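K.L.:
Need coordinates for the following:
(one chain, ligands or ions: 1)
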Amino acid sequence: MPLSLDALRFTPSATGTALGAFAGLAAYLVATAVYRVFFGPLAHVPGPWYAKATDAWLIPHTICMRQVRAIDELIKRYGSVVCIGPNKVIFIDPATNKIVYGGRFPKDKYYLSLRMSGKDHAMTTLDPTQHVLRRRAFAPHYSLANLASFQNEMHDYTLQLVNRLSEDGGSTAFDCLTMFRHLLVDVISLTVFDMKADAVGKWAREEPDYLSTAINDWPKRSLMKDAMPPWLWTIVCHIPHARLHQFVDSDRFINKFVADRVQTVQEQIKGGHLEEQERNTLVVRMLQYKMPTGHTLAEGDIMAELQAHTMAGTDTTATTLSYLCYALSKHPLIVRTLQAELDDAMDDARRIPDMSVLHALPYLNAVISEGLRLYSAAPAPLPRVVPVRCDELEIHGVKIPTGTVVATQAWTLHKQEHVFPNPDAFEPERWLHESDDMKSNFIPFGMGPRVCGGQTLAMSMLRMTLAAVFRNFDVVAPMHTNDKSMDICEAFVIFPAGLKADLMFMPRAQQDVSSRA
Ligand code: HEM
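P.N.:
This is a model prediction of the structure:
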């Protein structure tokens, strides 16, 4: 039937109905907002009226990747308990941290957006009791003793990277995010899957490494897919462009990588070939883990857990290393003190000491703590829900009812002037005399039973890599790597505004010679 233009014209009665519906909706929204601001369960909590009325005020800050800063400003204006949404409260109080992150409060459903292929893993398991079962499956893998059994290879990968930088002789600016991501891909492929990925080797030979690329692509792909209507995403997936295909297929690539590894290990278990192994990778542990019921975990759950660890461990650690190298490029005196300690601990610049030796170096550890304080890879609110059994939570005399989403954020905790004087300055010395106050306000890895599962691995890699790099090189930032390009953007995890961290690694001996000439 031909479409007449008249059919598209609004009749006076249709216009009236539409206006009426619009006015009704507006009245409903206004009434809801007024109720929330003056009579809602959080009406008594300090905070701006617009945050009590609607979550929408945070959307532009989230889109601009500046959510933690917007929340930080509210805390500065309203104090250490502040309402940031109709059902959300942020607090800055170490005593409340112990209650909220002590293990009784379930995680908020916000975490469900981090599921892997629709499946839960430890980080997204909201219920504390269920989470304990998940956590038991992987916790032994990250013990220092187990990680030490992979140490020789970790040293080899790190030295491979150092050798490549040495060959370059400081003439090229390397993107640290890419470089350290390749290192972490090698370490995680080995410890999780018992697989030699040769990612650093490929990086050194300037060959593509599809796994490292997919790990980098996946979070961006998820964000993009979620932001688009399905029809637009379908069109994007069909655009004939090789790199774009690689990008949209990153989830499939990682799924297949993990599925292949799981299958190989399952065959090894069936064939009885695992008894000969002296150490256990995470995939073996997960496949052999028995729930209290005696059942093993479902294959889909194992896959999700392994994918989560691959993703959670790589860019967080690589970003921290990149920011630490950038901070050190701006502080030559700090580098001298660090190098003096490393020179004493490492007679041979190309031999990385045992984990226990690095663990005991005070200045190296102070530098890392300062890096984690200022450049926490996950500085955003870690939301939990006030449980029914808790009755009410009280923070500094403010009662927070059951069902409220409560959270603290490392971004603000780590920059409190009274705990960390001169908070924006990079001053490792402050950690040489760590006070109880500093300890209880420092949560780069979260806290309590849901503290970062891979913290020991992350700390070991931070120590190992910094020791090897700064024993051998001074780091110099080229003109285009500056505070503007390294400005922190945040989408739960952080990344630099310039999307890269180009730095030059000048061999120390060579630099000493040139500065004497
Ligand atoms: C510098 C590097 C890292 C930082 C700053 C970091 C930070 C965090 C934070 C803040 C959490 C807690 C999230 C919450 O409470 O909601 C977390 C959880 C987690 N992280 Fe990390 N992480 C790092 C490296 C790693 C590594 C290397 C791995 C593993 C290979 C890893 C695996 C995990 C897992 C599995 C969880 C969930 C733990 C649970 O809920 O039981 N992370 N991480």
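
K.L.:
host element of whatever residue of the stretch 251-400 of the chain ends up closest to the ligand?
P.N.:
The ligand sits closest to Gly313 of the stretch 251-400 of the chain, with a gap of 2.6 Å, by CB to the nearest ligand atom. The way it works is simple: take the backbone N, C-alpha and C, and place the C-beta from them, glycine included. Here Gly313 sits within helix 299-329, counting by DSSP states H and E.

K.L.:
Can you name the next helix or strand after that helix?
P.N.:
Following helix 299-329 toward the C-terminus (DSSP H and E): helix 332-345.

K.L.:
re the thing from before, isn't the residue of the stretch 251-400 of the chain closest to the ligand right up against Cys452?
P.N.:
No. Using CB atoms under 8 Å, Gly313 is not in contact with Cys452; the gap is 9.2 Å.

K.L.:
Specify which residue of these two has the higher count of neighbours.
P.N.:
Neighbours per residue (other CB atoms under 10 Å) separate Gly313 from Cys452, with Gly313 holding more: 24 against 21.

K.L.:
Could you find the closest non-adjacent residue to that one?
P.N.:
Spatial nearest neighbour of Gly313, chain neighbours left out: Gly454 (4.8 Å); criterion: CB to CB, 6 or more residues apart in numbering.

K.L.:
Report the contact partners of the one you found.
P.N.:
Counting by CB atoms under 8 Å, 6 or more residues apart in numbering, Gly454 touches 142, 309, 312-313.

K.L.:
just Gln416 next, same as before
P.N.:
Gln416 touches 92, 423, 441, counting by CB under 8 Å, 6+ apart.

K.L.:
Kindly recompute the last result at 7 Å.
P.N.:
By CB atoms under 7 Å, 6 or more residues apart in numbering, Gln416 lies in contact with 423, 441.

K.L.:
same question, Leu42
P.N.:
Here Leu42 is in contact with 52, 83, 86, 89, 404 (CB under 7 Å, 6+ apart).

K.L.:
Can you name the residues of the stretch 251-400 of the chain sitting close to the ligand?
P.N.:
Counting by CB under 6 Å from any ligand atom, the positions of the stretch 251-400 of the chain adjacent to the ligand are 308-309, 312-313, 316-317, 320, 376-378, 382.

K.L.:
if we go to 5 Å?
P.N.:
Contacts of the stretch 251-400 of the chain with the ligand, taken as CB under 5 Å from any ligand atom, map to 309, 312-313, 316-317, 320, 377-378, 382.

K.L.:
now the chain
P.N.:
So the chain meets the ligand at 122-123, 135, 309, 312-313, 316-317, 320, 377-378, 382, 444-446, 450, 452-454, 457-458 (CB under 5 Å from any ligand atom).

K.L.:
mind listing which of those residues are in helices?
P.N.:
Counting by DSSP state H, those place 135, 309, 312-313, 316-317, 320, 457-458 in helices.

K.L.:
so which pair among those is furthest apart in space?
P.N.:
Greatest spacing in these, by CB to CB: Arg135 and Thr320 (22.8 Å).

K.L.:
of these two, who's got more company?
P.N.:
Remark: of Arg135 and Thr320, Thr320 carries more neighbours, 24 against 16, as counted by other CB under 10 Å.

K.L.:
sorry, back to before: of the contacts of Gly454, keep whichever come out buried.
P.N.:
The neighbour count (16 or more other CB atoms under 10 Å) marks 142, 309, 312-313 as buried among the contacts of Gly454.

K.L.:
In a markdown table, list those along with pLDDT.
P.N.:
Converted to a markdown table, the buried ones among the contacts of Gly454 look like this (pLDDT from 0 to 100):
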| residue | pLDDT |
| --- | --- |
| Tyr142 | 96 |
| His309 | 96 |
| Ala312 | 93 |
| Gly313 | 93 |
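
K.L.:
Can I get these in CSV including distance to Thr32?
P.N.:
Shown next, in CSV, are these (distance: CB to CB, whole Å):
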residue, distance to Thr32
Tyr142, 46
His309, 42
Ala312, 37
Gly313, 42
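
K.L.:
Farthest-apart pair in those residues, please.
P.N.:
Tyr142 and Ala312 (11.6 Å).

K.L.:
Hmm, Met506 and Ala477 touching each other?
P.N.:
No. Here Ala477 does not reach Met506: they are 11.5 Å apart, not a contact under CB atoms under 7 Å.

K.L.:
Closest residue of this protein to the ligand?
P.N.:
Gly454 (2.1 Å).

K.L.:
Could you pull out the strands in this structure for me?
P.N.:
81-85, 88-91, 173-175, 384-385, 393-395, 398-400, 405-407, 473-476, 488-491, 493-496, 502-507 (DSSP state E).

K.L.:
now for the ones you listed, which one comes closest to Val357?
P.N.:
Closest among the strands of the chain, using CB to CB: strand 473-476, at 20.2 Å.

K.L.:
who touches that closest one?
P.N.:
Contacts for strand 473-476 (CB under 7 Å, 6+ apart): 165, 325, 328-329, 335, 503-508, 511.

K.L.:
Report the lowest-confidence entry in those.
P.N.:
Among the contacts of strand 473-476, Gln511 carries the lowest pLDDT, at 47.

K.L.:
And the nearest residue to Asp301 once chain neighbours are set aside, how close does it get to Leu503?
P.N.:
Using CB to CB, 6+ apart and skipping the chain neighbours, the partner closest in space to Asp301 is Lys119 (6.3 Å). According to CB to CB, to the nearest Å, Lys119 stands 38 Å off from Leu503.

K.L.:
The two - which one has more neighbours?
P.N.:
Legend: neighbour count by other CB under 10 Å for Lys119 and Leu503, higher for Leu503 (23 against 16).

K.L.:
The more buried one and Leu324 touch, don't they?
P.N.:
No. Using CB under 7 Å, Leu503 is not in contact with Leu324, being 10.7 Å away.

K.L.:
From the structure, what's the count of residues near the nearest residue to Arg373 once chain neighbours are set aside?
P.N.:
The spatially closest residue to Arg373, leaving aside those adjacent along the chain, is His414, at 4.6 Å (CB to CB, 6+ apart). Burial measure for His414: 22 neighbouring residues, criterion other CB under 10 Å.

K.L.:
Next, His414: phi, psi?
P.N.:
Main-chain torsions, His414, degrees, to the nearest 10: phi -80, psi -10.

K.L.:
From what I see, it and Ser376 are in contact.
P.N.:
Yes. Using CB under 7 Å, His414 is in contact with Ser376, at 6.4 Å.

K.L.:
burial count for Lys497?
P.N.:
One thing to correct before we go on: residue 497 is Ala, not Lys. Neighbours of Ala497 (other CB under 10 Å): 12.

K.L.:
Counting neighbours, what do you get for the residue nearest to it when sequence neighbours are not counted?
P.N.:
The shortest distance from Ala497 to any non-neighbouring residue, by CB to CB, 6+ apart, is to Asp487 (4.2 Å). Counted with other CB under 10 Å, the neighbours of Asp487 add up to 12.
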